[in-house]
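1. Have a look; sequence and predicted model below, questions after that.
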Amino acid sequence: MVFLSAVIVGCSHNKSNETKSPSNKTYQNNVISQSANDNEFIEPPVSSRGPALDILPNEHDCNGSIRLYVSKLSDDQLHSVCADLDDTRLIFHDTLGTNYEPVKGDQNEKVNIYIFDGYKHYIDNVEKISGLSTNPKGGFFYEGNPFDAKHQPSIYLFVSSASGFSVWNLKHEFSHYLNARFVKYGHVNDSALYLFWEEGLAEYIAKGADNPQAISLLKSPKLRTLADIFDVTYKDTSEEVYLWSYLGIRYIVENHPTSLVDIVSALRLDSHERFKETLETLASSQEEHFQNWLKELSEN
Ligand SMILES: [Zn+2]
């Protein structure tokens, strides 16, 4: 399914506990208990996005194509954000073999990233800048119109309250932008099978092999099958949307490079049939291998 109007990819895996303790433990507990219902792709209202004005008055360019809008960040912090974005870009293209070629017709060369001073600053002000009535609580990616350079994509984020400086979900949300520009033809969406790709890939690009929350799932007596993972929807839990999708993507990347090439090719060509066939073939022929891989992962 292709949405005719722009949609957003929201991510709430942290939510309001960001205002308390953003430790890994809190994050993990939150992921496990939280419903993912507010992560839905949303067709935004017609209202236009407002300017950053006095909320995020300072601008900074990262390598020409990324414009940051911030309030209080120091030069060192700005450089740290740009370096993280550069790293994410390298990992993304290396993993997916895109040759840095955007999908046909994509005009979203530039992306605006709005970084609020903290979770409260984000909650209090994001709507004024995004112009959207619904703004997912963990930050989000808004695609704009990929076929119209006048409607640039945007990412809305906030500085984490964890010790040391970091921007919550920076790599994850930037991966959504890269997927929208370099892999997924047309608008991103949450159609059948595709949500698994969208959120699992963003988690994998952001975290690589370092995702203890996902590994902790493997102690559960009931492990998901590949078919379960591919069928995830935003009605499922955050654990299923983010962590199990991550495991599914990681399995494909590490074990089935030919299938990965097929998937990327199908998405770039907007061939849902080929995308579906590739996933169905994996689910029907590799389930035993997948379960053995999960077992090895849990023992390492
Ligand atoms: Zn996401």
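-> Sure, I can see it.
2. So which residues on the stretch 151-300 of the chain come close to the ion?
-> Glu199, Ala202 (Cβ under 5 Å from the ion). Placement of C-beta: from N, CA and C, glycine included.
3. all strands for the stretch 151-300 of the chain, in order.
-> 154-158 (DSSP state E, counting those that start in this stretch).
4. pLDDT below threshold where in it?
-> Judged against pLDDT under 70, the stretch 151-300 of the chain has no low-scoring part.
5. Let me see the domain layout of this protein.
-> 8-182, 194-299 (automatic domain parsing).
6. Any chance of TSV for these, columns mean neighbour count and distance to Val188?
-> What follows is the domains of the chain, written out as TSV (neighbours: other Cβ atoms under 10 Å; distance: least, Cβ to Cβ, whole Å):
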stretch	mean neighbour count	distance to Val188
domain 8-182	18	5
domain 194-299	18	6
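7. how long is stretch 94-109 end to end?
-> In stretch 94-109, first residue to last residue: 19 Å (Cα to Cα, to the nearest Å).
8. what residues are up against Ser220?
-> If you count contacts by Cβ atoms under 8 Å, 6 or more residues apart in numbering, Ser220 has none.
9. what are the phi and psi angles of it?
-> Here is the backbone geometry of Ser220 (degrees, to the nearest 10): phi -70, psi 140.
10. distance of it from the ion?
-> Taking Cβ to the ion, to the nearest Å as the measure, Ser220 falls 23 Å from the ion.
11. Could you measure from that residue over to Thr237?
-> Going from Ser220 to Thr237 by Cβ to Cβ, to the nearest Å gives 12 Å.
12. With His79 instead?
-> Separation of His79 from Thr237 (Cβ to Cβ) stands at 37 Å.
13. Spell out, range by range, the helices that occur in this structure.
-> Taking DSSP state H to define them, one finds helices in the chain at 24-33, 75-96, 119-130, 170-182, 194-207, 212-216, 226-230, 238, 245-255, 257-268, 272-285, 287-299.
14. What helices and strands are in contact with the longest one?
-> Using 3 or more Cβ pairs under 8 Å, 6 or more residues apart in numbering; DSSP states H and E as the contact criterion, the neighbours of helix 75-96 among helices and strands are strand 58-62, strand 66-70, helix 170-182, helix 194-207.
15. And it, how far out from the chain middle?
-> 15 Å (Cα atoms, centre = their mean, to the nearest Å).
16. Can you give the contact residues for that helix?
-> 60, 62-63, 66, 68, 70, 73, 98-100, 113, 115, 165, 167, 170-171, 174-175, 178-179, 182-183, 204-206, 208, 253, 260, 264.
17. Taking helix 245-255 as reference, get the angle to that helix.
-> Comparing the axes of helix 75-96 and helix 245-255 via axes from the mean of the first three to the mean of the last three Cα atoms, to 10 degrees yields an angle of 60 degrees.
18. what angle separates helix 75-96 from helix 257-268?
-> 110 degrees.
19. now the fourth one
-> Between the axis of helix 170-182 and that of helix 257-268 there is an angle of 70 degrees, by the same axes, to 10 degrees.
20. other SSEs contacting helix 170-182?
-> For helix 170-182, the packing partners by 3+ Cβ pairs under 8 Å, 6+ apart come out as helix 75-96, strand 111-116, strand 140-142, strand 154-158, helix 194-207.
21. Apply 10 Å and report the result again.
-> strand 8-10, helix 75-96, strand 111-116, strand 140-142, strand 154-158, helix 194-207, helix 257-268 (3 or more Cβ pairs under 10 Å, 6 or more residues apart in numbering; DSSP states H and E).
22. ok, the third one: who's next to it in the sheet?
-> Okay, so that is strand 111-116. Strand 111-116 has the following strand partners under DSSP bridges: strand 66-70 (parallel), strand 154-158 (parallel).
23. Pull the first one out as PDB, backbone CA atoms only.
-> In other words, strand 66-70. Provided in PDB are the C-alpha atoms of strand 66-70 (Å, rounded to 0.1, in the frame of the first residue of the first chain):
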ATOM      1  CA  ILE A  66      21.500  17.600   6.900                       C
ATOM      2  CA  ARG A  67      20.400  20.800   8.700                       C
ATOM      3  CA  LEU A  68      20.100  20.700  12.500                       C
ATOM      4  CA  TYR A  69      17.800  23.000  14.400                       C
ATOM      5  CA  VAL A  70      18.800  23.300  18.000                       C
END
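24. hmm, who's touching it?
-> For strand 66-70, contacts defined as Cβ atoms under 10 Å, 6 or more residues apart in numbering pick out 51-53, 55-62, 77-78, 81-82, 85-86, 89, 110-117, 129, 152, 154-157, 159, 167, 174, 177.
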